[in-house]
Structure formats: structure tokens, C-alpha cells
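1. here is my input, please return the structure:
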Amino acid sequence: MFPFIDTAPRASPPVLVLAFIGINTLVFLWMESLPAGTLQQVLIHAALIPIRYTEPLAAQRYGLDPSNWWPLLTNTFMHGGWLHLISNMWFLWIFGPAMEARFGRLGFAALYLCGGVAASAVHLFTHPESTTPVLGASGAIAAVIGAHAVAYPRARVITIILIVFIPLFVPIPAVLFAVIWFVLQLLQGTVELTSPGMAEGVAWWAHVGGFAFGALFALAAHAPGPPHPVRTTTWSGPVRGRVPSVRPRRWPPV
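-> Alright, predicted model coming up:
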């Protein structure tokens, strides 16, 4: 299940979404260009390593500064590979523009940045003794997905589902897509905590924390309300092997 496009009104142009995508990409390219020793120092100073804050003596042995809280934010602009970067930026491009239009640029910046910090904090709480560096925008993007589900529950997320290598483009209510996504993260996170060695390699609880923050952010901003205008599609059901078209409306400037 992979999102292709959503039908909620989008910012035009989505300035902050494009800016965050650009920053994440530039940081990734910069990190890719670093020698191994320098890259290790960058990870020590900017990636989220929970033991930095929970075991001061151990942190000193690893060269970690317990007073440096910036990694709760800076790790969200770092990625461990091309697939990691591209998948995160794709989800941001699908769900971000509608949130930038809904909350404005300042509100969207708060949602994205604070969501990333909240996601990092939840990972820190659930993995207090971990020495594994955590990095990636997934937690911040989870906050965007959570806010999207609250703000536009009746919008449709046109989702790609592969059936024996044949792509189906299926419209799914945004709230249903988000609930399925959230439950999968919660289940994987529970497996990781209860069965060491399984479901490792992904900060599942950062996703859970980011999503919860985003949903609460949208509720606090009184985002839900009367039916919102959405972009309309030229079809209403699954389409096999054909990309559906979406008729954009003229949105007010943001």
C-alpha cells in the first residue's frame, strides 16, 4: 500500500514542503561526500543516540555530550541512504502541501519541526539505553500524516496496491489510510519491544509519537470542521494499470 496522490486542497506552490525536501536532500548529499571519520563525528554530534541523555558516564566514553539536545531536531534532517531519503520525501510531497495550505507556512513549520522533536522524544523514552544512532524525517512526516487524517478525514488518498505485479490505483479515505498506517507502526513497535531481534532497524515508536503529535496538533488548531473542498478525480473506483487523473482547482494564494 503506497500513496500516489491525495485529493485535499494543496498549497500552490507548497513553498515550505519544497524547502524541507531541498534541505533534506542537500544534507544527505553533503553527508554522502564526507570521509568516514568525519561522517562518524557528524553522527556523534547530530544523530539521536538515546544513551547520550540517560547514561552520562557511558555517553562520555562514546564521546557524546549529554548537554547537547539539538540531535532531537537535527537527526530529522539526516538520512541513511537513497531509499530512506526518497521514500520519506515522497510521503512529505503527498501529504505536506495540504497541511501547508491548511495551517499556513508558520503553522506547517511548527507541525513539521515540533513533530520531529516529539517523535525523537518518544523514541528516547522507549529506547533509553540504545547506542544506535537514529536519523530520518519519518517522525516529522508521521506528524504530517496524523494532522492530515484529522484535518481532511473525508479526502481520498489514491493508493497503489500491487496484485501479482499489476498496480491498482485505489481511492482510500484519508482517515482509513492513516489508521491502517498507524496500526502497522504500533504493531511493529510492539514486536520490537517484546521480541528483541525482530522488527529492528526502524524507529517505529518515533513514527507512533510523531503521528500522535500531529493528530493532537490538528485537533488543537480546530482543524476538523464542516466538509472541506477537495480536488475531484475523474473516476470513483479501482483502476488497473492506469494512472488516474486529478482535476486541480484554483486555490487561494498561501
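2. do you know how far the spatially most central residue of the chain is from L184?
-> Nearest to the mean C-alpha position of the chain, counting by CA atoms, centre = their mean, stands I141 at 1.8 Å. Remark: distance between I141 and L184 (CB to CB, to the nearest Å) = 15 Å. Yep, even glycine has a C-beta here, placed from its N, CA and C like the rest.
3. cool, and L111?
-> Note on L111: its distance to L184, by CB to CB, is 22 Å.
4. same check, this time on F91
-> In this view, F91 and L184 are 14 Å apart by CB to CB.
5. hmm, back to that, chain center to the helix or strand hosting the residue nearest to the centre of the chain, what's the gap?
-> Using DSSP states H and E, I141 sits within helix 138-151. Here the centre of mass of C-alpha atoms in helix 138-151, compared against the chain's by CA atoms, centre = their mean, to the nearest Å, lies 7 Å away.
6. one more: stretch 99-114?
-> Counting by CA atoms, centre = their mean, stretch 99-114 comes out at 13 Å from the chain centroid.
7. ok, residues contacting it?
-> 8-12, 14-17, 20, 73, 76, 96, 140, 143-144, 147-148, 151-152, 213-214, 217, 221, 223, 251, 254 (CB atoms under 8 Å, 6 or more residues apart in numbering).
8. V157 falls within a helix, correct?
-> No - under DSSP: H, G, I helix; E, B strand; the rest coil, V157 sits outside any helix and is assigned strand.
9. average model confidence for the helix ranked longest in the chain?
-> In the chain, assigned by DSSP state H, the helix with the most residues is helix 82-126. Across helix 82-126, the average pLDDT comes to 96.
10. tell me the angle that helix makes with helix 138-151.
-> Here helix 82-126 runs at an angle of 80 degrees relative to helix 138-151 (axes from the mean of the first three to the mean of the last three CA atoms, to 10 degrees).
11. what number of residues lie near the residue nearest to I44 when sequence neighbours are not counted?
-> Nearest non-adjacent residue to I44, counting by CB to CB, 6 or more residues apart in numbering: G63, 5.7 Å away. Residues contacting G63 under the criterion other CB atoms under 10 Å number 11.
12. again, but for the one 10 residues further on
-> The tally of other residues near L73 (other CB under 10 Å) stands at 16.
13. in stretch 62-82, what's buried?
-> Neighbour counts using 16 or more other CB atoms under 10 Å place 64, 71-80 of stretch 62-82 among the buried residues.
14. now for these: which two are most distant?
-> L64 and H79 (20.8 Å; CB to CB).
15. in terms of secondary structure, what does the helix holding I141 contact?
-> helix 82-126, helix 174-194, helix 204-220 (3 or more CB pairs under 8 Å, 6 or more residues apart in numbering; DSSP states H and E).
16. can I get those helices in a markdown table with distance to L26?
-> Below are those laid out as a markdown table (distance: least, CB to CB, whole Å):
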| stretch | distance to L26 |
| --- | --- |
| helix 82-126 | 11 |
| helix 174-194 | 28 |
| helix 204-220 | 22 |
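17. who wins for proximity to I161 among the ones you listed?
-> Smallest distance to I161 across the helices and strands packed on helix 138-151 (CB to CB): 11.4 Å, for helix 174-194.
18. run through the neighbouring helices and strands of the closest one.
-> So helix 174-194, by 3+ CB pairs under 8 Å, 6+ apart, packs with helix 138-151, strand 156-163, helix 204-220.
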